[in-house]
Each structure stands twice: as C-alpha cells, then as structure tokens.
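Participant: just a sequence and a predicted model for now, questions to come.
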Amino acid sequence: MYQSLLRSHALLLALLATAFHTGSVAAGDPPAFCAATGHYYEFNEGNPLTWQEAEVLASNFIFMTLPGHLATITSQAEQDCVEALFRPDDAWLGGFQPPGTPEPNDGWEWVTGETWNYTNWNEGEPNDDNVQDCLQFYDAPNDGQWDDLECDGEGEIDAFIVEFEPEGGGGGGDGSRATFRTVKFYNDFNPAPVDVTISCNTGLPLEQTFELDPAAVPDLDPFVEFVVTDFESGTLDCEITESVPAGYTVFYLTFIDGQGFETVGSCPFEDVEHGETFSTDPVHNLCLVVNALDPSEVTVTKEWIDENPQFNATNFAKANYFCSNLPNFLDNQADAPTLGGVPLPISGNEGFLFDPQSGSLEFLGNPGVDSFFTFANWDGGTDCEVTEQLVEGGVETDASDCDSIVLFPGDSGACTIVNTRLFEGIPTLSQYGLAVLTLLMLGFGLVAYRRLV
C-alpha cells in the first residue's frame, strides 16, 4: 500500500543536498543551518547587554538537543557562512582575551576551547582601545569583520549570535568521534513525540535515547543528533531505531556518502571511521524516519430477531457508512514536509484522501458481517456512522450502536445493528398444517351450505 511513500531516492538526495536554509536570517527567525560546519546559528537581539551576559544566555540555549554557545568562527568557510546568514549589526561573538595577556593581538581564546587559528579583524583591529577584551561582529560598512570592544559593550551592543552543535563539537583529542543525525516525519502531520535510540557495538556511549518532539518546534524540521566517541577507527557499527507509535508503519532511509537506501528495521551505519559526521553535501550519516498511518478497520454485524421462527426470511440487508474528519495526508508535493523549507517527495495512502469518505456494506446470514477501512485522525478523531437500508417490509430497528464510531490512530472499531422481523400475512405452513386448514375450511363450508338449504 505504501510503495509510493518514497517516490524518488534521487530526487530526495538532490533536495537534501540543498535543503538547509542559506539565505539571510533576521532576529526572531529559527536557527539556520550552515553546511560548512554542520552546525546551526541563531541571531538574537533585544536590550543592550554585556559580553558576559550574552555568554551566559547563549550557554543556556538548546535547539533540538544541541547545546548552544556564543558563535566561534574558526575558518573562512564558517565566516562566509555566518556572514551570509546574518549580515548583522554589531553582535557579540564567543571570543575573549583573558586579563593579563599581551595586548592587543595575543592570547585570544574561544569560549569552547577551540584553537584560535583564524581571524577576520577589521583594518586597524584589534587595538585594545580602553581595555577591549571581547569580540564583536562589526556593523556596516564592515559587515562581518571583527572588532575588539569593551566587554560592557559601552551600553550599545544589543545582539549576539548563538551556535548550536553537539557537545564536544569543537574537536580536539584524537578525533575519535562521529555524529549521526535523525530526522523524523509523520505522513499525516502528527505532532506526537517518539523516542529515537542509537545502539553501537563499541565507543561511548554504547546506547543513547532522546525524545524527538515535533510539537516543540512546530515551524522546524525535528531532528536529534547523536555523538559517539572513544572508538577505534573503522570498527564502529551503530543502528538507529525509533519507538514506533501505535497505528503507524515505520520506514527507514539511511544516507551514506550521498546515497540513500531504504532499510528494514533500522538505519545501520557500519565500519565508521574517526571524524565521520553528519553532512549535507554529500548527505552522510543521516537517518530519515517516516511514519505512515495504518488503515483502521471497522467491523459491522447485522443480527435478526424473528417473531415467527418459521418465517421464510432471506437474511439479506444493506447499510451505508459515512466517515468525517479524515486526516490531512501528504497528498501532494506542496504539502510534503521539508528540510530547510524544501519539500521532500513523500506521500502515501492514495485513495483515502477525500473527506468525507462513504461507501456501502452488505450482510447475508444471521448474523451477517461486513467491514470497511478508513484512516483515523490524530486531531479529534475520525467519526464514522453506519445507517441501514431496509430491503423488506415488516422490519424495524431494535437496537444499534453504529451512530458514532470515533477512531484515533491504532484504533479499530465495531458495532452491531439488531433488527426485529414482525409477523405479517399468512405464514408458511407444513403439509400437516395445510391438511388441517383444508379440513377446517371444508367443515365451515358444509355448515354454511346446510343453513342455506
């Protein structure tokens, strides 16, 4: 039923490679992805604040399980990316100069402890004019270049840039780390959270579980990023699974070196080497999890009660069903979920995209049973009603619980219609009954004849 769920791996790869937002972002926008680093960045603006206040605020930000810190720009590629994303006014960055270090160029550090081996100073900077030990992005006309500034910001700096990355993302050590990203979609837009788990044969930790909650970030694509460290290069095998929600079928797509594979039961990653991380160009170490809504079956039973058991009944009946508030499926490309604003080619449940849904049922026998399938809406439930068509006279409905059957994902439904067949007309008699009736009629006829004569 769900073979069309994933229309084109090639198209999906092309979309993933360009899916993450790279346009200019303003304050108040959700974090934006930088393909050069695999990290997310957010521009925050408000009241004037010191560098220390900005550093504390940034370190308390969390985005999709990724901890935040004041942005640390350690390469030209990262500088170009952040500059293209924000083109900000003056904003704090995560660089500082500890007290007592030689001025003005020496001793600069990043809040993450990363090596200070790249700079983008504006002409004449740093100059340590009046004890300037904190780092800022310069405003126009020097967009993106750096300036050293008093750490109180002279009461004028009202913005800072937060960078989100896995803990330990700054690198260092022997490089024995790998990262894996899990992206999750429901094909009916269900916002219900699920747990996703990575299990590995070596490294630390051997198993991690995070809750992935689409409702927590309604305007963004939910993901979890796993980090595994302390393993021998080429020996790490991991698999990512989800706790499949009731009423859904799970599909896993694993992306390695730009190739996507539909895999059964999990997203497997084998023989992982040091430094392998999630990336978008090419798409690598990505697990795409899609939950497709299963159909719900409603079973209807028709029972007969006869006032005269000898009545020659056919026990045939018809009924109509009507279901409303069906789910909103991903029925076209415009409605498909996105990565960074680009729709993914995911659909499903063709033939059940019309709301309301109706059809007919037929029953033969006593009891007679028939059923139909529909799809249950997580948002308020799908409401189904079954009404019968009486095909013979002398029948009345004695009982029915088919007026309202409300279904949620994972539910099945059942109801019963009971009819009483009334005694009407001349019943069908056995041969002995007919003989007795004939004799009675002959007797009445002889009495009437004698009286007339």
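Facilitator: Ah, there it is.
Participant: so how far is Y138 from the closest residue to T50 other than its chain neighbours?
Facilitator: Of all residues not flanking T50 in the chain, D152 sits nearest, at 4.9 Å (CB to CB, 6 or more residues apart in numbering). For every residue, glycine as well, the C-beta is placed using N, CA and C. Distance of D152 to Y138, computed by CB to CB, to the nearest Å: 18 Å.
Participant: counting neighbours, go ahead and name the busier of the two.
Facilitator: Neighbours per residue, other CB atoms under 10 Å: of D152 and Y138, the larger number sits with Y138, 20 against 15.
Participant: pull the contacting residues for that one.
Facilitator: The contact partners of Y138, by CB atoms under 8 Å, 6 or more residues apart in numbering, come to 90, 122, 144-147.
Participant: residues in contact with the strand or helix carrying E385?
Facilitator: For E385, the host element (DSSP states H and E) is strand 382-389. By CB under 8 Å, 6+ apart, the list of residues contacting strand 382-389 from outside reads 296, 298, 300, 302, 317-327, 361, 374-376, 397, 400, 402-408, 413, 415, 417, 419.
Participant: from the contacts of Y138, which one has the minimum pLDDT?
Facilitator: Minimum pLDDT for the contacts of Y138 is recorded at G144 (74).
Participant: wait, isn't that residue in contact with C81?
Facilitator: No. Assessed by CB atoms under 8 Å, G144 is found out of contact with C81, at 10.5 Å.
Participant: circling back: next, format the contacts of Y138 as CSV and append secondary structure and neighbour count.
Facilitator: Shown next, in CSV, are those (DSSP: H, G, I helix; E, B strand; the rest coil; neighbours: other CB atoms under 10 Å):
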residue, secondary structure, neighbour count
D90, coil, 18
N122, coil, 15
G144, coil, 19
Q145, coil, 18
W146, strand, 21
D147, strand, 21
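Participant: nearest to G247 among these?
Facilitator: Using CB to CB, G144 is the member of these that lies nearest G247, at 49.3 Å.
Participant: dump the residue contacts of the closest one.
Facilitator: 79, 82-83, 87, 120, 137-138.
Participant: how close does it get to N127?
Facilitator: As for G144, its distance to N127 is 18 Å (criterion: CB to CB).
Participant: same question for S75.
Facilitator: S75 is 24 Å from N127, where distance means CB to CB.
Participant: repeat that for E242.
Facilitator: Taken as CB to CB, the span from E242 to N127 is 54 Å.
Participant: more crowded one of these two?
Facilitator: Ranked by neighbour count (other CB under 10 Å), E242 and N127 place E242 first, with 21 against 14.
Participant: so that one touches I198, yeah?
Facilitator: No. Counting by CB under 8 Å, E242 stays clear of I198, with 10.7 Å between them.
Participant: common neighbours of these two, please.
Facilitator: Shared contacts of E242 and I198, defined by CB under 8 Å, 6+ apart, comprise T182.
Participant: tell me what the residue nearest to the spatial centre of the chain is bridged to.
Facilitator: Note on the chain: the residue nearest the mean C-alpha position is F185, at 3.0 Å, using CA atoms, centre = their mean. Beta bridges link F185 to V290 when assigned by DSSP bridges.
Participant: same thing with F363?
Facilitator: According to DSSP bridges, beta-bridge pairing links F363 with A317.
Participant: got the end-to-end distance for stretch 98-109?
Facilitator: 8 Å (CA to CA, to the nearest Å).
Participant: quick check: buried residues in it?
Facilitator: Applying a neighbour-count criterion of 16 or more other CB atoms under 10 Å, one finds 104, 108-109 buried in stretch 98-109.
Participant: per-residue confidence for T115?
Facilitator: In this prediction T115 is given a pLDDT of 89.
Participant: and it, what does it touch?
Facilitator: T74.
Participant: could you say what helices and strands the helix or strand encompassing L85 packs with?
Facilitator: Per DSSP H and E: L85 is located in helix 76-86. Packing partners of helix 76-86 (3 or more CB pairs under 8 Å, 6 or more residues apart in numbering; DSSP states H and E): strand 32-34, strand 39-45.
Participant: past the last one, which element shows up next along the chain?
Facilitator: Secondary structure here is assigned by DSSP H and E; on that basis, the next helix or strand after strand 39-45 toward the C-terminus is helix 51-59.
Participant: that concludes my questions; thank you for your assistance.
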